[in-house]
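K.L.:
My questions concern the predicted model and sequence given below.
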Amino acid sequence: QVQLVESGGGFVQAGGSLRLSCAASGRTISRYHMGWFRRAPGKEREFVAVISVSGGSTDYADSVKGRFTISRDNTKNTVYLQMNSLKPEDTAVYYCAAVPEYRRPFPASNPGEYDYWGQGTQVTVSS
């Protein structure tokens with residue numbers, strides 16, 4: 001079992017930045033693809049970003065390309081999402097997710113492909 005805990009969410013004005021963290025426990029995530037998803041009020045959960053086990057490959061939703069950066073530190077069992085130039089439409093609950101690399105090819109961008117989820121952290125961007 002892998003337990004995931006997100007942190008770093010908060011309230012920020014448009015144009016601002018936040019850095020989300022996802023701390024894993026229970027198992028090392030060094031052999032897991034790690035993804036970030038978000039759910040805005042009244043909408044389905046949507047893909048934001050994913051990073052491969054080595055960190056050498058990443059993929060992003062078109063809506064966040066050039067503004068968000070996913071990274072990982074396997075020595076700390078932690079994944080990050082740096083969010084810059086935030087927009088009101090980025091307001092959502094952000095979730096971290098993990099799937100073993102042997103179960104899904106990279107990139108895994110569908111929520112149904114992931115085995116483990118965190119509880120989420122709220123990000124609110126004001127205009």
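P.N.:
The structure has been received and is ready for your questions. Numbering: from 1, shown residues only.
K.L.:
Please enumerate the strands of this structure.
P.N.:
3-7, 10-13, 18-25, 32-39, 46-51, 58-60, 68-73, 78-83, 92-100, 116-117, 121-126 (DSSP state E).
K.L.:
which one of the ones you listed lies closest to residue 109?
P.N.:
Ranking the strands of the chain by proximity to residue 109 (CB to CB) places strand 46-51 first, at 4.3 Å. For every residue, glycine as well, the C-beta is placed using N, CA and C.
K.L.:
mind showing which ranges of this protein have poor pLDDT?
P.N.:
Segments of the chain classed as low confidence (criterion: pLDDT under 70) are not present in this model.
K.L.:
Might you report the residue contacts of residue 45?
P.N.:
Residues touching residue 45, when contacts are defined by CB atoms under 8 Å, 6 or more residues apart in numbering, comprise 37, 38, 39, 95, 111.
K.L.:
ok, which pair from the residues you listed is furthest apart?
P.N.:
Among those, the pair separated by the greatest distance (CB to CB) is 38 and 111, at 10.5 Å.
K.L.:
Sweet, I'm off.
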